[in-house]
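Undergrad: sharing a model prediction with you, sequence too.
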Amino acid sequence: DTAVSQTPKYLVTQMGNDKSIKCEQNLGHDTMYWYKQDSKKFLKIMFSYNNKELIINETVPNRFSPKSPDKAHLNLHINSLELGDSAVYFCASSQVGQDRSYEQYFGPGTRLTVT
Amino acid sequence: LAKTTQPISMDSYEGQEVNITCSHNNIATNDYITWYQQFPSQGPRFIIQGYKTKVTNEVASLFIPADRKSSTLSLPRVSLSDTAVYYCLLTGFQKLVFGTGTRLLVSP
């Protein structure tokens, strides 16, 4: 059973389009994340949701909007796609321990290519 | 926002011990130090996490000095399958900072 799954795995689209990436985790975790990994392999946190509430919102264009319908899902919607949005997007989840230590489980990634 | 610094790349041979050091001079009191491994076309995978002193699990050891301004990931007897990018991560409440990653190449 896949712990953290993302769909689609590959996404090719044109500039200006709107697209969504879906993420689901079956680990019962209370926190989910979206990361962006660019061509230089820098991995940056974009958003974090804890129990459906936004707790981390890094400097990300407001064209990116996360949606968490429930604890097991965190979708990423992107409006008006730009060439610079091309990257691999990873979803992750974790269970935050009382001592703030936590292990994150990452999905397989969605490679977004904007043409 | 605290940053981490790692060597860009390291080379090793099968069977050797590999030590990767991460610098985090501005680590906060509540921050934990976590290391992840990433293979091409895959998501990062948790290796080990610690707060201070030494932590050991079945795949690695993590050494953290008393001042916590750096940490060293130790991989005993690496194999070809350990070729990957290793990230040092500071994890604190509402703060997640990945390092630039160290590309480890293990040769026969």
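TA: Cool, got the structure.
Undergrad: chain neighbours aside, what residue packs nearest to the closest residue to chain A within chain B?
TA: When scored by CB to the nearest CB, chain B has B:Gly43 as its residue closest to chain A, at 2.9 Å. Every residue, glycine included, has its C-beta placed from N, CA and C. Distances taken as CB to CB, 6 or more residues apart in numbering or on different chains put A:Phe106 closest to B:Gly43, at 2.9 Å, once the chain neighbours are dropped.
Undergrad: same thing with B:Ala66?
TA: Closest to B:Ala66 by CB to CB, 6+ apart is B:Lys52, at 7.2 Å.
Undergrad: and the pLDDT at that neighbour?
TA: At B:Lys52, the pLDDT value in this model is 91.
Undergrad: ok, it touching B:Asp67?
TA: No: using CB atoms under 8 Å, B:Lys52 is not in contact with B:Asp67; the gap is 9.7 Å.
Undergrad: what residues does chain A put near chain B?
TA: A:4, A:33, A:41-45, A:48, A:55-56, A:90, A:92, A:100-109 (CB under 8 Å from any CB of the partner chain).
Undergrad: let's go with 10 Å and repeat that
TA: A:4, A:6, A:9, A:33, A:35, A:37, A:40-45, A:48, A:50, A:55-58, A:88, A:90-92, A:94, A:96-97, A:99-109, A:111 (CB under 10 Å from any CB of the partner chain).
Undergrad: could I have the ChimeraX command that selects the buried members from those residues?
TA: The ChimeraX selection below is limited to those of the residues of chain A next to chain B classed as buried (16 or more other CB atoms under 10 Å in any protein chain shown):
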select /A:4,6,33,35,37,43,44,45,48,50,56,88,90,91,92,94,96,101,102,103,104,105,106,107,108,109,111
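Undergrad: buried sites along the helix or strand in which B:Arg103 is found?
TA: Using DSSP states H and E, B:Arg103 sits within strand B:102-107. Within strand B:102-107, the residues scored as buried using 16+ other CB under 10 Å are B:Thr102, B:Arg103, B:Leu104, B:Val106.
Undergrad: make JSON lines out of those and add pLDDT.
TA: Formatted as JSON lines, the buried residues of strand B:102-107 follow (pLDDT from 0 to 100):
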{"residue": "B:Thr102", "pLDDT": "96"}
{"residue": "B:Arg103", "pLDDT": "96"}
{"residue": "B:Leu104", "pLDDT": "97"}
{"residue": "B:Val106", "pLDDT": "97"}
